[in-house]
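S.K.: Following is a predicted model, sequence given first.
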Amino acid sequence: MSNAAKFLSEGDPYYSFELCKNILSQDPQNPTALNLAGVSAFQAGLLEESLNLLEVAVYFEPDNPEFQTNLGNVLSKLGSKDKAIAAYKKAMTSNSSYIESFFNYGLLAESLGRLDDAVTALRKTTKICPYHSPAWHALGNVYKTLERLEDAKTAYQKAIKITPNSAVARTNLASILHELGSFKKAKEECEAAIKIAPDLYEAKYNLGIALQELEEHEKAIECYEDVLLAKPNHAAAAMNIAYSHQQLGDLETAALKFTQATRIDPSFAQAHANLADLSLQQGKPENALTICNEFLLRFPGNTTLLAFKGITLCDSGKIKSANELFNFKTLLKKQYVEIPKKYSYLHDFNTALKKQILAHPTLTPSPQSHATRKGLHSGELLNKKNSAFTDFESIVWNAVKNYKEKINKYPKHPLSLKIFRKLRLSAWGVVMTRSSHQIPHIHPSAWISGVYYVKVPKFTEKSRTEPPGAIVFNKAPSHFHNKNEAKTFTVKPEEGLLILFPSYFYHHTVPFETNEKRISIAFDLIPL
């Protein structure tokens, strides 16, 4: 038995398996030999034999956490996820200190999207063994998915402290640092990762992003070129090279690289929009409009290109067509919500929402991938049952049902070209105070978007067309190269007000001039 274990530990599962079979020929009910044979078969790629052996092993010793964990590993590999979960849970119940059962269950839970379970299992792993670097790394990945950025940062840092030469952990930490706005630190982590693993293209890509944020465009281009050497079909790298050339004033090369990105991935909406914007910069609005129209013929209703088409229509002098695309009267819906039955007053409902938003573990100051600046932005709010968010979700679905019925009356409008039957609702909280605002943005992955106002400070300047905290629609981002501005529409927020609008409507908010909080819930209806 010891020789079989020795060969397995030295990387020879085949010979280990043969030795185990010899042992079992003389003692077929030896649970230790059955387990070792099962692990050897698993590592040798003999999954069915491994499964049979481990099932017999746990038959003889059902409370052995090692046997149950090994069985869970095989079941997971074979795709029997529910049975794998049962095996891991049996192991965890049998011995609450057996690390591998918690760690492997955490990894499986993450892969199945059971992120809260993954957090619990991986935190238990790190509690049992604070120096378990893979568990800290995996925990960082889960926190990243949950948008708990500070927690992800801490987890990655602990993994790196234990295993300084983990290039992947450093690369993942860099992506979190970038999201938190720490561009120099992100650059340093990427450089350290590349020093450890020179061929890790993900680190070079993340380094390129950090360098662009630091306006070191020549160096960024070098990084992205290395990425394309390793991954010739990396469309985002080609697009980012184009962007840096555009920032450096080399518009011809930028056009070539944007075109390269669109050829690598013809469905890459952002690359097409950037190419159209470059045409505006070159004084070719008709060419920009052609790019938008050709893309929309292939991908009707695409949010990114509908938004940019509106901009190009204005620059092409087609104001009537632009106004039809941005028909606020028809496409923007305002309504005051009906109070859920369990609440006596609107204030009670909003107070419940406010408390849950302010206590949400994902609230992060100004994450870079979102539009909020000098304010707080949460991750997903709708993953907890029996909360005020459940009531809010029902309100939104009812509003969307009515909105879809309204849109159906305009079958020729681009928004109606794709009335999606199946939609997923995603919502997040935004907390603003003095100087807080949102920069102009769209919601590219969504079809319909909206906002609900939970708490709104009192406005004193009634005469202003854009009062502090107001939401303004149809003003393009300042980095676009359009010469003409489209007609805008402003909505003054009120507590209890819900707004629905097409996700291709650019929108931003006017900075606050008060220390009071403005709390809202933004949401997307995402096609499935």
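M.R.: Perfect, I can see it now. Numbering: from 1, shown residues only.

S.K.: in what helix or strand does the residue nearest to residue 83 when sequence neighbours are not counted lie?
M.R.: Nearest non-adjacent residue to residue 83, counting by CB to CB, 6 or more residues apart in numbering: residue 75, 4.6 Å away. In this view, the C-beta of every residue, glycine as well, is placed from N, C-alpha and C. Assigned by DSSP states H and E, residue 75 belongs to helix 65-77.

S.K.: The residue nearest to residue 83 - how many residues pack around it?
M.R.: 23 (other CB atoms under 10 Å).

S.K.: before we move on, the earlier item: please identify the buried residues of the helix holding residue 75?
M.R.: 65, 66, 67, 68, 69, 70, 71, 72, 73, 74, 75, 76 (16 or more other CB atoms under 10 Å).

S.K.: what about dumping the CA coordinates of the biggest helix by length in the chain to PDB?
M.R.: Secondary structure assigned by DSSP state H gives helix 388-407 as the longest helix of the chain. C-alpha atoms of helix 388-407 as PDB (Å, rounded to 0.1, in the frame of the first residue of the first chain):
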ATOM      1  CA  ALA A 388     -37.700  44.600  -0.200                       C
ATOM      2  CA  PHE A 389     -35.900  43.900  -3.500                       C
ATOM      3  CA  THR A 390     -38.400  41.100  -4.200                       C
ATOM      4  CA  ASP A 391     -41.200  43.600  -4.000                       C
ATOM      5  CA  PHE A 392     -39.300  46.000  -6.200                       C
ATOM      6  CA  GLU A 393     -38.700  43.200  -8.800                       C
ATOM      7  CA  SER A 394     -42.500  42.600  -9.100                       C
ATOM      8  CA  ILE A 395     -43.100  46.400  -9.600                       C
ATOM      9  CA  VAL A 396     -40.500  46.500 -12.400                       C
ATOM     10  CA  TRP A 397     -41.900  43.400 -14.200                       C
ATOM     11  CA  ASN A 398     -45.400  44.900 -14.200                       C
ATOM     12  CA  ALA A 399     -44.100  48.100 -15.600                       C
ATOM     13  CA  VAL A 400     -42.100  46.300 -18.300                       C
ATOM     14  CA  LYS A 401     -45.200  44.400 -19.300                       C
ATOM     15  CA  ASN A 402     -47.100  47.600 -19.900                       C
ATOM     16  CA  TYR A 403     -44.100  49.200 -21.700                       C
ATOM     17  CA  LYS A 404     -43.800  46.300 -24.100                       C
ATOM     18  CA  GLU A 405     -47.500  46.600 -25.000                       C
ATOM     19  CA  LYS A 406     -46.900  50.200 -25.700                       C
ATOM     20  CA  ILE A 407     -43.900  49.600 -27.900                       C
END
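
S.K.: how far does that helix sit from the chain's center?
M.R.: 23 Å (CA atoms, centre = their mean, to the nearest Å).

S.K.: again, but for stretch 291-307
M.R.: With CA atoms, centre = their mean, you get 23 Å for stretch 291-307.

S.K.: Equivalent analysis for stretch 248-267, please.
M.R.: 26 Å.

S.K.: pull the CA atoms of that stretch into PDB?
M.R.: Provided in PDB are the C-alpha atoms of stretch 248-267 (Å, rounded to 0.1, in the frame of the first residue of the first chain):
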ATOM      1  CA  LEU A 248      -1.700  59.900 -30.500                       C
ATOM      2  CA  GLY A 249      -3.200  61.500 -33.500                       C
ATOM      3  CA  ASP A 250      -2.400  58.700 -36.000                       C
ATOM      4  CA  LEU A 251      -5.900  58.400 -37.400                       C
ATOM      5  CA  GLU A 252      -4.900  56.300 -40.500                       C
ATOM      6  CA  THR A 253      -3.400  53.600 -38.400                       C
ATOM      7  CA  ALA A 254      -6.300  53.800 -36.000                       C
ATOM      8  CA  ALA A 255      -8.700  53.200 -38.800                       C
ATOM      9  CA  LEU A 256      -6.700  50.200 -39.900                       C
ATOM     10  CA  LYS A 257      -6.700  48.700 -36.400                       C
ATOM     11  CA  PHE A 258     -10.400  49.400 -35.800                       C
ATOM     12  CA  THR A 259     -11.100  47.700 -39.100                       C
ATOM     13  CA  GLN A 260      -8.900  44.700 -38.000                       C
ATOM     14  CA  ALA A 261     -10.900  44.400 -34.800                       C
ATOM     15  CA  THR A 262     -14.200  44.400 -36.800                       C
ATOM     16  CA  ARG A 263     -12.900  41.700 -39.100                       C
ATOM     17  CA  ILE A 264     -11.700  39.500 -36.200                       C
ATOM     18  CA  ASP A 265     -15.100  39.700 -34.700                       C
ATOM     19  CA  PRO A 266     -17.900  41.100 -37.000                       C
ATOM     20  CA  SER A 267     -20.300  41.200 -34.000                       C
END
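
S.K.: which residues does residue 23 contact?
M.R.: 1, 4, 30, 33, 37 (CB atoms under 8 Å, 6 or more residues apart in numbering).

S.K.: Please report the distance of it from residue 8.
M.R.: From residue 23 across to residue 8, the span is 13 Å (CB to CB, to the nearest Å).

S.K.: Repeat that for residue 33.
M.R.: Distance from residue 33 to residue 8, by CB to CB: 12 Å.

S.K.: what about the residue nearest to residue 83, distance to residue 54?
M.R.: For residue 75, the distance to residue 54 - CB to CB - is 9 Å.
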